[in-house]
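Participant: Need coordinates for the below:
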Amino acid sequence: LVNHSPADNMEVFMDFDDHKNYIPDMLDSKVVKKISPTNMHVFMAMEMPWPVKKSTHTTNNTFSKGNDGSYTLSWTLVRADFLKATEGYIMFK
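Facilitator: Below you'll find the predicted structure:
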């Protein structure tokens, strides 16, 4: 358990430049297009097993705050070299 607020946790998670320091096999991660304060495109490069070596993709990320004080970041695939789809979210309550 981490004794931090949902806002603190979301702030750390949305520091995309730091993902390579704690997500296994992440080589690079950065915001490449800021659409609005709550919507951005994020580029990621990950090390992959042979024969691929590296996979890159860009996701559309949308940030929202719930009425209950929770924070959610959801993402969908924009483009990729090998991925067919990626969709997900993380929520801090």
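
Participant: hey, let's count contacts and neighbours off CA atoms from now on
Facilitator: OK.

Participant: how about the strands in this structure?
Facilitator: Per DSSP state E, the chain carries strands over the ranges 26-36, 39-47, 54-65, 71-80, 87-92.

Participant: Just the buried residues of the lowest-mean-pLDDT helix or strand in the chain, please?
Facilitator: The weakest-scoring helix or strand in the chain, judged by mean pLDDT, DSSP states H and E, is helix 6-13 (a mean of 92). The neighbour-count check on helix 6-13 (16 or more other C-alpha atoms under 10 Å) flags 6-7, 9-10 as buried.

Participant: Report all helices and strands that it contacts.
Facilitator: Helices and strands touching helix 6-13, by 3 or more C-alpha pairs under 8 Å, 6 or more residues apart in numbering; DSSP states H and E, are strand 71-80, strand 87-92.

Participant: With distance to residue 28, mean neighbour count and mean pLDDT added, can I get these in TSV?
Facilitator: Converted to TSV, these look like this (distance: least, C-alpha to C-alpha, whole Å; neighbours: other C-alpha atoms under 10 Å; pLDDT from 0 to 100):
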stretch	distance to residue 28	mean neighbour count	mean pLDDT
strand 71-80	14	17	97
strand 87-92	19	13	96
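
Participant: For the closest residue to residue 64 other than its chain neighbours, list the residues it contacts.
Facilitator: Leaving aside its sequence neighbours, residue 64 sits nearest to residue 72 (C-alpha to C-alpha, 6 or more residues apart in numbering; 5.3 Å). By C-alpha atoms under 8 Å, 6 or more residues apart in numbering, the residues touching residue 72 are 10, 63-66, 89-92.

Participant: could you redo those as CSV and give each row distance to residue 39?
Facilitator: Compiled in CSV, the contacts of residue 72 are given as follows (distance: C-alpha to C-alpha, whole Å):
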residue, distance to residue 39
10, 14
63, 6
64, 9
65, 13
66, 16
89, 13
90, 15
91, 16
92, 18
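
Participant: ok, so of those residues, who is nearest residue 19?
Facilitator: Distance to residue 19 across the contacts of residue 72 (C-alpha to C-alpha) is lowest for residue 10, with 12.8 Å.

Participant: OK, contacts around the closest one?
Facilitator: Neighbours of residue 10 in contact, by C-alpha under 8 Å, 6+ apart: 71-72, 92.
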